[in-house]
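# Need the 3D shape of this:
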Amino acid sequence: MRMKRFLALCMILCMVFTLTTGISASAEEAQTADTPVVYFTDDISPEGLVAVYEALNWTPTGKVAVKLSTGEPPASNYLRPELIKNLVQGLDATIVECNTAYGGFRAATAEHYQVAEDHGFTEIADFQILDEDGSKEIPVEGGTHLTGDLVGDHFDDYGSYVILSHFKGHAMAGYGGAIKNISIGLASSRGKVRIHSGGTSDTHWHDELHTEFLESMAEAAKGVSDYLGDRIVYVSVMNRISIDCDCDGYPEEPDIHDIGILASTDPVALDQACLDLVWEADGSESLLERIDELDGLHTLEHAEEIGLGSRTYTLVDINNT
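Next up, the predicted model:
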(Lines give C-alpha, C1' and ligand atoms only; values in the text may rest on other atoms or scores of the structure.)
Protein backbone atom coordinates (compact mmCIF):
# COMPACT_ATOMS: atom_id res chain seq x y z
CA MET A 1 0.00 0.00 0.00
CA ARG A 2 2.83 2.42 0.83
CA MET A 3 4.39 1.74 -2.55
CA LYS A 4 1.11 2.44 -4.37
CA ARG A 5 0.72 5.74 -2.49
CA PHE A 6 4.33 6.61 -3.27
CA LEU A 7 3.96 5.88 -7.00
CA ALA A 8 0.77 7.92 -7.12
CA LEU A 9 2.58 10.80 -5.44
CA CYS A 10 5.43 10.45 -7.92
CA MET A 11 3.02 10.75 -10.85
CA ILE A 12 1.53 13.91 -9.36
CA LEU A 13 4.95 15.39 -8.65
CA CYS A 14 6.15 14.61 -12.15
CA MET A 15 3.14 16.41 -13.62
CA VAL A 16 3.73 19.38 -11.31
CA PHE A 17 7.43 19.61 -12.15
CA THR A 18 6.72 19.24 -15.85
CA LEU A 19 4.50 22.29 -15.62
CA THR A 20 6.62 24.41 -13.30
CA THR A 21 10.23 23.58 -14.12
CA GLY A 22 10.24 24.32 -17.84
CA ILE A 23 11.59 21.05 -19.17
CA SER A 24 11.89 22.57 -22.65
CA ALA A 25 13.40 25.84 -21.40
CA SER A 26 16.18 27.37 -23.46
CA ALA A 27 19.45 28.61 -22.00
CA GLU A 28 18.29 32.20 -22.55
CA GLU A 29 15.02 31.56 -20.71
CA ALA A 30 16.90 29.85 -17.90
CA GLN A 31 19.03 32.95 -17.28
CA THR A 32 15.90 34.92 -16.34
CA ALA A 33 14.17 32.11 -14.42
CA ASP A 34 13.36 32.62 -10.75
CA THR A 35 14.09 28.96 -9.98
CA PRO A 36 17.50 27.25 -9.91
CA VAL A 37 18.64 25.86 -13.24
CA VAL A 38 19.58 22.22 -13.80
CA TYR A 39 21.41 21.48 -17.06
CA PHE A 40 20.98 18.08 -18.72
CA THR A 41 22.58 16.03 -21.46
CA ASP A 42 21.91 12.44 -22.46
CA ASP A 43 25.49 12.23 -23.79
CA ILE A 44 27.27 10.15 -21.15
CA SER A 45 30.79 10.62 -22.46
CA PRO A 46 33.88 12.64 -21.54
CA GLU A 47 32.70 15.31 -23.97
CA GLY A 48 29.18 15.34 -22.56
CA LEU A 49 30.49 15.66 -19.02
CA VAL A 50 32.63 18.65 -19.93
CA ALA A 51 29.79 20.26 -21.89
CA VAL A 52 27.23 20.07 -19.08
CA TYR A 53 29.79 21.40 -16.59
CA GLU A 54 30.64 24.30 -18.91
CA ALA A 55 26.94 25.13 -19.20
CA LEU A 56 27.12 26.29 -15.57
CA ASN A 57 29.35 29.18 -16.69
CA TRP A 58 31.14 28.95 -13.34
CA THR A 59 34.69 30.11 -12.71
CA PRO A 60 36.50 28.38 -9.84
CA THR A 61 38.87 30.26 -7.60
CA GLY A 62 42.06 28.91 -6.11
CA LYS A 63 43.03 25.26 -6.13
CA VAL A 64 40.20 23.03 -7.41
CA ALA A 65 39.03 19.80 -5.77
CA VAL A 66 36.83 17.26 -7.52
CA LYS A 67 35.00 15.24 -4.88
CA LEU A 68 33.86 11.77 -5.91
CA SER A 69 33.52 8.29 -4.50
CA THR A 70 36.50 6.03 -5.12
CA GLY A 71 34.16 3.02 -4.93
CA GLU A 72 34.38 -0.01 -2.68
CA PRO A 73 36.21 -3.01 -4.20
CA PRO A 74 35.80 -5.31 -5.92
CA ALA A 75 32.87 -4.49 -8.22
CA SER A 76 31.15 -1.20 -7.32
CA ASN A 77 29.81 1.22 -9.93
CA TYR A 78 32.10 4.19 -9.23
CA LEU A 79 32.62 6.74 -12.01
CA ARG A 80 35.36 5.44 -14.26
CA PRO A 81 38.52 7.52 -14.77
CA GLU A 82 38.15 7.43 -18.54
CA LEU A 83 34.80 9.22 -18.24
CA ILE A 84 35.97 11.98 -15.89
CA LYS A 85 39.56 12.47 -17.06
CA ASN A 86 38.92 15.37 -19.45
CA LEU A 87 36.94 17.35 -16.89
CA VAL A 88 39.40 16.78 -14.05
CA GLN A 89 42.48 17.57 -16.12
CA GLY A 90 40.82 20.58 -17.75
CA LEU A 91 40.36 22.03 -14.26
CA ASP A 92 43.90 21.02 -13.21
CA ALA A 93 42.06 19.58 -10.23
CA THR A 94 42.92 17.23 -7.39
CA ILE A 95 40.53 14.33 -6.79
CA VAL A 96 39.56 14.20 -3.12
CA GLU A 97 37.82 11.74 -0.83
CA CYS A 98 37.38 10.95 2.88
CA ASN A 99 37.78 7.68 4.71
CA THR A 100 34.76 5.53 5.52
CA ALA A 101 33.47 4.68 8.98
CA TYR A 102 32.19 1.17 8.40
CA GLY A 103 35.23 -0.96 7.61
CA GLY A 104 35.99 -2.25 4.15
CA PHE A 105 38.97 -1.30 2.03
CA ARG A 106 38.59 2.48 2.42
CA ALA A 107 38.43 2.94 6.20
CA ALA A 108 42.21 3.23 6.68
CA THR A 109 44.19 5.90 4.85
CA ALA A 110 46.90 3.65 3.38
CA GLU A 111 44.37 1.14 2.06
CA HIS A 112 42.18 3.92 0.69
CA TYR A 113 45.09 5.37 -1.28
CA GLN A 114 45.66 1.90 -2.69
CA VAL A 115 42.02 1.68 -3.79
CA ALA A 116 42.34 5.06 -5.53
CA GLU A 117 45.40 3.74 -7.36
CA ASP A 118 43.79 0.39 -8.21
CA HIS A 119 40.70 2.14 -9.60
CA GLY A 120 42.80 4.38 -11.84
CA PHE A 121 42.25 7.77 -10.22
CA THR A 122 45.91 8.45 -9.43
CA GLU A 123 46.76 7.93 -13.12
CA ILE A 124 44.68 10.92 -14.21
CA ALA A 125 45.19 13.43 -11.37
CA ASP A 126 46.65 14.13 -7.96
CA PHE A 127 44.61 12.46 -5.24
CA GLN A 128 44.16 13.32 -1.56
CA ILE A 129 42.20 11.87 1.34
CA LEU A 130 40.98 14.97 3.12
CA ASP A 131 40.81 13.44 6.60
CA GLU A 132 44.13 11.61 6.50
CA ASP A 133 45.29 13.96 9.31
CA GLY A 134 41.98 14.20 11.16
CA SER A 135 38.90 16.42 11.17
CA LYS A 136 37.97 20.09 10.98
CA GLU A 137 34.61 21.35 12.28
CA ILE A 138 32.57 23.82 10.27
CA PRO A 139 29.34 25.43 11.56
CA VAL A 140 25.83 24.28 10.70
CA GLU A 141 23.15 26.97 10.91
CA GLY A 142 19.45 26.23 11.26
CA GLY A 143 19.77 22.53 11.93
CA THR A 144 17.70 20.39 14.27
CA HIS A 145 20.42 17.86 15.11
CA LEU A 146 23.77 19.34 14.09
CA THR A 147 25.46 22.57 15.11
CA GLY A 148 28.72 21.54 13.46
CA ASP A 149 29.90 19.25 10.66
CA LEU A 150 33.18 17.37 10.80
CA VAL A 151 34.93 17.48 7.43
CA GLY A 152 38.49 16.49 6.58
CA ASP A 153 41.30 18.53 8.12
CA HIS A 154 42.55 19.35 4.60
CA PHE A 155 39.19 20.75 3.50
CA ASP A 156 40.57 24.31 3.31
CA ASP A 157 43.48 23.27 1.10
CA TYR A 158 41.13 23.90 -1.83
CA GLY A 159 39.50 27.12 -2.92
CA SER A 160 36.72 25.56 -5.00
CA TYR A 161 34.89 22.24 -5.15
CA VAL A 162 33.26 20.36 -8.02
CA ILE A 163 31.00 17.71 -6.50
CA LEU A 164 31.00 14.88 -9.01
CA SER A 165 28.38 12.36 -7.95
CA HIS A 166 27.23 9.03 -9.30
CA PHE A 167 23.47 8.95 -8.81
CA LYS A 168 22.22 5.56 -7.53
CA GLY A 169 20.34 3.88 -4.72
CA HIS A 170 21.57 3.53 -1.15
CA ALA A 171 20.90 0.90 1.51
CA MET A 172 20.26 3.47 4.27
CA ALA A 173 19.44 6.80 2.60
CA GLY A 174 17.30 5.34 -0.19
CA TYR A 175 19.32 7.12 -2.85
CA GLY A 176 22.67 8.83 -3.15
CA GLY A 177 23.31 12.01 -5.10
CA ALA A 178 24.75 15.49 -4.57
CA ILE A 179 23.43 15.95 -1.02
CA LYS A 180 24.90 12.66 0.13
CA ASN A 181 28.21 13.46 -1.55
CA ILE A 182 28.68 16.73 0.35
CA SER A 183 27.37 15.39 3.65
CA ILE A 184 28.47 11.79 4.19
CA GLY A 185 30.96 12.07 1.35
CA LEU A 186 32.83 15.15 2.60
CA ALA A 187 32.52 14.20 6.26
CA SER A 188 35.59 12.79 7.95
CA SER A 189 35.37 9.29 9.36
CA ARG A 190 34.25 10.77 12.70
CA GLY A 191 31.93 13.12 10.90
CA LYS A 192 30.23 10.22 9.16
CA VAL A 193 29.46 8.68 12.54
CA ARG A 194 28.05 12.01 13.76
CA ILE A 195 25.68 12.17 10.79
CA HIS A 196 24.64 8.53 11.02
CA SER A 197 23.93 8.93 14.73
CA GLY A 198 21.78 12.01 14.16
CA GLY A 199 24.26 14.23 15.98
CA THR A 200 24.23 12.16 19.18
CA SER A 201 27.76 10.75 18.93
CA ASP A 202 31.07 10.98 17.07
CA THR A 203 32.10 7.47 18.10
CA HIS A 204 28.99 5.25 18.15
CA TRP A 205 26.88 4.50 15.10
CA HIS A 206 23.12 4.51 15.83
CA ASP A 207 21.21 2.85 12.98
CA GLU A 208 17.92 3.13 14.87
CA LEU A 209 17.92 6.94 14.54
CA HIS A 210 16.88 6.78 10.90
CA THR A 211 14.90 10.00 10.53
CA GLU A 212 17.57 11.84 12.48
CA PHE A 213 20.18 10.43 10.06
CA LEU A 214 18.25 11.59 6.99
CA GLU A 215 17.84 15.08 8.45
CA SER A 216 21.46 15.23 9.58
CA MET A 217 22.59 14.53 6.02
CA ALA A 218 20.69 17.60 4.86
CA GLU A 219 22.09 19.67 7.72
CA ALA A 220 25.70 18.62 7.12
CA ALA A 221 25.23 19.42 3.44
CA LYS A 222 23.95 22.88 4.34
CA GLY A 223 27.03 23.43 6.50
CA VAL A 224 29.28 22.70 3.52
CA SER A 225 27.16 24.80 1.13
CA ASP A 226 27.09 27.79 3.48
CA TYR A 227 30.83 27.54 4.16
CA LEU A 228 31.80 27.47 0.48
CA GLY A 229 29.15 29.83 -0.91
CA ASP A 230 29.59 30.22 -4.66
CA ARG A 231 32.83 28.21 -4.60
CA ILE A 232 30.98 24.91 -5.13
CA VAL A 233 29.03 23.36 -8.03
CA TYR A 234 27.42 19.97 -8.55
CA VAL A 235 27.49 17.44 -11.39
CA SER A 236 25.66 14.10 -11.23
CA VAL A 237 26.10 11.19 -13.63
CA MET A 238 23.10 8.88 -14.08
CA ASN A 239 24.65 5.68 -15.40
CA ARG A 240 24.83 2.17 -13.94
CA ILE A 241 21.94 3.13 -11.61
CA SER A 242 21.87 0.22 -9.19
CA ILE A 243 19.71 0.19 -6.08
CA ASP A 244 23.01 -0.11 -4.20
CA CYS A 245 25.59 2.55 -3.46
CA ASP A 246 29.19 2.68 -4.66
CA CYS A 247 30.09 1.90 -1.05
CA ASP A 248 28.80 -1.64 -1.77
CA GLY A 249 31.43 -3.83 -3.37
CA TYR A 250 28.78 -6.26 -4.64
CA PRO A 251 25.91 -4.08 -5.91
CA GLU A 252 22.76 -5.33 -7.59
CA GLU A 253 22.75 -5.04 -11.37
CA PRO A 254 20.83 -1.96 -12.58
CA ASP A 255 17.27 -2.34 -13.84
CA ILE A 256 17.21 1.14 -15.42
CA HIS A 257 18.92 2.20 -18.62
CA ASP A 258 21.52 4.97 -18.39
CA ILE A 259 19.84 8.40 -18.40
CA GLY A 260 22.36 11.24 -18.70
CA ILE A 261 24.44 13.83 -16.85
CA LEU A 262 23.05 16.82 -14.92
CA ALA A 263 24.68 19.89 -13.39
CA SER A 264 23.54 22.73 -11.13
CA THR A 265 24.66 25.22 -8.51
CA ASP A 266 21.80 23.95 -6.29
CA PRO A 267 22.22 20.43 -4.82
CA VAL A 268 18.54 20.13 -3.84
CA ALA A 269 17.35 21.01 -7.33
CA LEU A 270 19.89 18.61 -8.81
CA ASP A 271 18.83 15.67 -6.65
CA GLN A 272 15.17 16.42 -7.31
CA ALA A 273 15.77 16.52 -11.06
CA CYS A 274 17.57 13.17 -10.92
CA LEU A 275 14.69 11.66 -8.96
CA ASP A 276 12.15 13.05 -11.42
CA LEU A 277 14.01 11.38 -14.28
CA VAL A 278 14.12 8.10 -12.36
CA TRP A 279 10.36 8.29 -11.74
CA GLU A 280 9.81 8.62 -15.48
CA ALA A 281 12.23 5.82 -16.44
CA ASP A 282 11.32 2.26 -17.35
CA GLY A 283 12.61 -0.32 -14.90
CA SER A 284 12.68 2.08 -11.94
CA GLU A 285 10.35 0.07 -9.67
CA SER A 286 13.05 -1.49 -7.50
CA LEU A 287 14.80 1.83 -6.89
CA LEU A 288 11.53 3.61 -6.16
CA GLU A 289 10.62 0.88 -3.69
CA ARG A 290 13.96 1.28 -1.91
CA ILE A 291 13.53 5.06 -1.70
CA ASP A 292 10.00 4.60 -0.36
CA GLU A 293 10.94 1.98 2.23
CA LEU A 294 13.75 4.16 3.58
CA ASP A 295 11.80 7.46 3.38
CA GLY A 296 14.54 8.83 1.14
CA LEU A 297 12.52 11.87 0.07
CA HIS A 298 12.63 13.17 3.63
CA THR A 299 16.22 14.29 3.15
CA LEU A 300 15.11 16.53 0.29
CA GLU A 301 12.14 17.79 2.28
CA HIS A 302 14.32 18.73 5.24
CA ALA A 303 17.00 20.21 2.98
CA GLU A 304 14.49 22.59 1.43
CA GLU A 305 12.99 23.44 4.84
CA ILE A 306 16.35 24.53 6.27
CA GLY A 307 17.31 26.54 3.19
CA LEU A 308 19.85 24.34 1.45
CA GLY A 309 18.10 24.73 -1.90
CA SER A 310 14.90 24.41 -3.89
CA ARG A 311 13.00 21.36 -5.10
CA THR A 312 11.47 23.50 -7.86
CA TYR A 313 13.84 24.04 -10.77
CA THR A 314 14.19 24.83 -14.46
CA LEU A 315 15.58 21.97 -16.55
CA VAL A 316 17.62 22.89 -19.63
CA ASP A 317 18.57 20.21 -22.14
CA ILE A 318 21.88 21.50 -23.53
CA ASN A 319 21.51 19.27 -26.60
CA ASN A 320 18.55 21.38 -27.68
CA THR A 321 19.97 24.86 -27.06
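
# Could you list the low-confidence segments of the stretch 201-321 of the chain?
321 (pLDDT under 70).

# run the last query once more with 80
Residue ranges of the stretch 201-321 of the chain with pLDDT under 80: 206-207, 321.

# ranges for the helices of it?
With helices called from DSSP state H, counting those that start in this stretch, the stretch 201-321 of the chain shows them at 210-228, 267-280, 285-293, 297-305.

# Compute the inter-axis angle for the last one and helix 285-293.
Looking back up the chat, that one is helix 297-305. Counting by axes from the mean of the first three to the mean of the last three C-alpha atoms, to 10 degrees, helix 297-305 lies at 60 degrees to helix 285-293.

# Please name every helix or strand in contact with helix 297-305.
Judged by 3 or more C-beta pairs under 8 Å, 6 or more residues apart in numbering; DSSP states H and E, the packing partners of helix 297-305 are helix 178-182, helix 210-228, helix 267-280. C-beta here means a position set from N, CA and C on the backbone, and glycine is covered the same way.

# Looking at these, which is nearest to F40?
helix 267-280 (7.4 Å; C-beta to C-beta).

# hang on, the earlier thing: okay, the helices of the stretch 201-321 of the chain in CSV with mean neighbour count next?
Formatted as CSV, the helices of the stretch 201-321 of the chain follow (neighbours: other C-beta atoms under 10 Å):
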stretch, mean neighbour count
helix 210-228, 24
helix 267-280, 25
helix 285-293, 19
helix 297-305, 21
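
# Let me have those in a markdown table, extended by distance to D92.
Conversion of the helices of the stretch 201-321 of the chain to a markdown table gives the following (distance: least, C-beta to C-beta, whole Å):
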| stretch | distance to D92 |
| --- | --- |
| helix 210-228 | 19 |
| helix 267-280 | 24 |
| helix 285-293 | 36 |
| helix 297-305 | 31 |
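
# one step back: and the helices and strands packed on helix 297-305: which comes nearest V50?
For the helices and strands packed on helix 297-305, proximity to V50 was assessed by C-beta to C-beta; helix 267-280 is nearest, at 17.5 Å.

# still on that earlier bit, how about the helices of the stretch 201-321 of the chain, which one is nearest K192?
Among the helices of the stretch 201-321 of the chain, the nearest to K192 by C-beta to C-beta is helix 210-228 (9.4 Å).

# got the contact list for G199?
Residues near G199 by C-beta atoms under 8 Å, 6 or more residues apart in numbering: G143, H145, L146, T147, E212, S216, E219.

# and it, that one's in a helix?
No - with DSSP: H, G, I helix; E, B strand; the rest coil as the criterion, G199 is located in coil rather than a helix.

# Relative to C245, how far out is it?
22 Å (C-beta to C-beta, to the nearest Å).

# where exactly do the helices run in the stretch 1-150 of the chain?
Using DSSP H, counting those that start in this stretch, the helices assigned to the stretch 1-150 of the chain run over residues 2-20, 27-31, 46-54, 81-90, 109-118.

# List the buried residues for the fourth one?
Residues of helix 81-90 classed as buried under the neighbour-count rule (16 or more other C-beta atoms under 10 Å) are P81, L83, I84, K85, N86, L87, V88.

# Skipping adjacent residues, who's closest to the first one in space?
When the adjacent residues along the chain are set aside, P81 lies closest to G120, with 4.0 Å between them (C-beta to C-beta, 6 or more residues apart in numbering).

# Around the one you found, how many other residues sit close by?
By other C-beta atoms under 10 Å, the residues close to G120 number 15.

# Let the chain start at 26 from now.
Renumbered: residue one is now 26, and that last one reads G145.

# Do me a favour and average the pLDDT over the one helix or strand I220 maps to.
For I220, the element it lies in under DSSP states H and E is helix 214-221. For helix 214-221, mean pLDDT rounds to 97.

# what do you get for stretch 183-192?
The pLDDT scores in stretch 183-192 average 98.

# Relative to the whole chain's centre, how far out is it?
Relative to the chain's own centre, stretch 183-192 is displaced by 9 Å; criterion: C-alpha atoms, centre = their mean, to the nearest Å.
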